[in-house]
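**Student:** Take a look and give me a structure for this.
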Amino acid sequence: MRLLSCTLLILLIASPSLADNWPNWRGPNGNSVGPAGDFPANWSPTENVVWKLKLPGKGSSTPAVWEDNIFVTYNVGSDANLVACLDRRGKERWKVELGSAILGKYGVASGANPSPVTDGTNVFVFFKSGDLACLDFDGNIVWRANLQKLFGADTKDTIWWDMGTSPVLATDSLVIAYQRSAAQKEGDEKPPTYSDNSFVVSFDRKSGEVNWKQDRNLNAPLESAQSYTTPIVVGEGGDQTILVLGADYVTGHDAASGKELWKFGTLNPNHEQYWRSIASAAIADGYLFAPYARGGSLTAIKLGGQGDVTESHAHWMVPGISSDCATPIAANGKVYSGTDRGKLTCVDIATGEISWQLELEKSGRRYKSSPILAGGKLYWAREDGTVFVVDVGDKPAVVGKNAMGEQIVATPVLVDGQVLLRTLDNLYLIGK
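**Tutor:** Residues are numbered from 1 along each chain as shown. I've put the predicted structure just below:
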């Protein structure tokens, strides 16, 4: 009996107490807000590290977490796309190869930029090569598809950089927004200045069959037609709307049919040719917050309506406070938005007035990771691997500066009082 009691005690100590899930890169509620809790603010590559795992390939995606499962995607050289499942102790359970990789062009990017998403039963993964798959938690492939083969969505000529959009879940479906320029045809002296095959597509979660494909060609000029944003799903059950930012507009689509319900724009009134959209939108309190103009503006738009809602649903616009890459956070009546150089701004949702601004430490490297808010603190990683922790109370202040010495573009994951941090090469679990 004593031996049995000791064995049970060892198992309880060795097994993590699991309560929080992180089903997609935006967190449990899809709004970049983590659970309540006491999360660490200070660590180093060797201090407050529960475990560190060297990943076998390069990837820029944010891991998804469900109970004792961590899902992470990466490329192994130029050979393969892979998805792996780890337990919460950092031990690999399985890994599955999913097609040949198309590698990233930008230094910190990869062919595994899109982040996985899980519904608690299956995990869904997407890669720059167009490979899309649904796997169960044992690593069995439930279904797979390739968007390039299905829809001619070749990224080689029509997306200048790297596929950044992640799949999102609607009721019984998986949704992807594919926004790019038209392909340059043989004999053309210059690339086309429009998009002729951008779309939003919905797949049945269980079978992988295409529910619908909705064209989204908005005549944005040249590179401005290329967008790397992730859609947002709002509403419940059969009354859901898919919100898509990119190609100079925000559009709302019926989740059941893909039909465009409303449109706001243009966010590019002077038809700038190189305003490709990377940072995704945020939502709160009945408004969508659209970062645009390569960080030049943040626009608040009232949700809903029919048709062109540009005049009727414009709430406010604040110039110069958003980022080219980092998605803002909207919560608790505030929007938290940062620039590429680390200037953090808090805006009141109701009025559009700036509540405060805070300059983080300047560096030659930019902030490409998106921030996360949890426990009253904002976690934001700079490209060089320095993670800043900011208390966002009435008197905002930096309460943590954590230099990892490795490049980071993935978003920090906060679960069960710990920080799961993905660098280009390693995965860290930080905390108690």
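**Student:** burial count for Glu359?
**Tutor:** With neighbours defined by other Cβ atoms under 10 Å, the count for Glu359 comes to 11. To be clear about C-beta, it is placed using only N, CA and C from the backbone, and glycine gets the same treatment.
**Student:** Gly208 too?
**Tutor:** By other Cβ under 10 Å, the residues close to Gly208 number 17.
**Student:** Moving C-terminal from the lowest-mean-pLDDT helix or strand in the chain, which element do we reach first?
**Tutor:** Sorting the helices and strands of the chain by mean pLDDT, DSSP states H and E puts helix 2-14 at the bottom, at a mean of 39. Going down the chain from helix 2-14, the next helix or strand is strand 49-54, by DSSP states H and E.
**Student:** Quick one: list the elements packing against that next one.
**Tutor:** The elements that strand 49-54 packs onto, with contact taken as 3 or more Cβ pairs under 8 Å, 6 or more residues apart in numbering; DSSP states H and E, are strand 426-430.
**Student:** How about the strand it packs on, which residues are buried there?
**Tutor:** If you call a residue buried by 16 or more other Cβ atoms under 10 Å, then strand 426-430 has these buried ones: 427-430.
**Student:** residues in contact with it?
**Tutor:** Outside strand 426-430, the residues that touch it by Cβ atoms under 8 Å, 6 or more residues apart in numbering are 40, 43, 45, 48-55, 63, 70, 72, 86, 88, 90, 404, 406, 418-422.
**Student:** go with 6 Å
**Tutor:** For strand 426-430, the external contacting residues (Cβ atoms under 6 Å, 6 or more residues apart in numbering) are 40, 43, 48-55, 418-421.
**Student:** among these, who's most crowded?
**Tutor:** Of all the contacts of strand 426-430, Leu421 has the most neighbours under the rule other Cβ under 10 Å, reaching 28 neighbours.
**Student:** residue contacts, it?
**Tutor:** Residues in contact with Leu421, defined by Cβ under 6 Å, 6+ apart, are 412, 428.
**Student:** Kindly confirm my reading that it forms part of a strand.
**Tutor:** Yes - counting by DSSP: H, G, I helix; E, B strand; the rest coil, Leu421 falls inside a strand.
**Student:** Quickly list what it is bridged to.
**Tutor:** Under DSSP bridges, the beta-bridge partners of Leu421 are Tyr428.
**Student:** pLDDT score for it?
**Tutor:** Looking at Leu421, its pLDDT is 98.
**Student:** same thing with the one 3 residues further on?
**Tutor:** pLDDT, Leu424: 90.
**Student:** before we move on, what SS does the nearest residue to it once chain neighbours are set aside have?
**Tutor:** Ranked by Cβ to Cβ, 6 or more residues apart in numbering and with sequence neighbours excluded, the top spatial neighbour of Leu424 is Gln407, at 4.8 Å. When classified by three-state DSSP, Gln407 comes out as coil.
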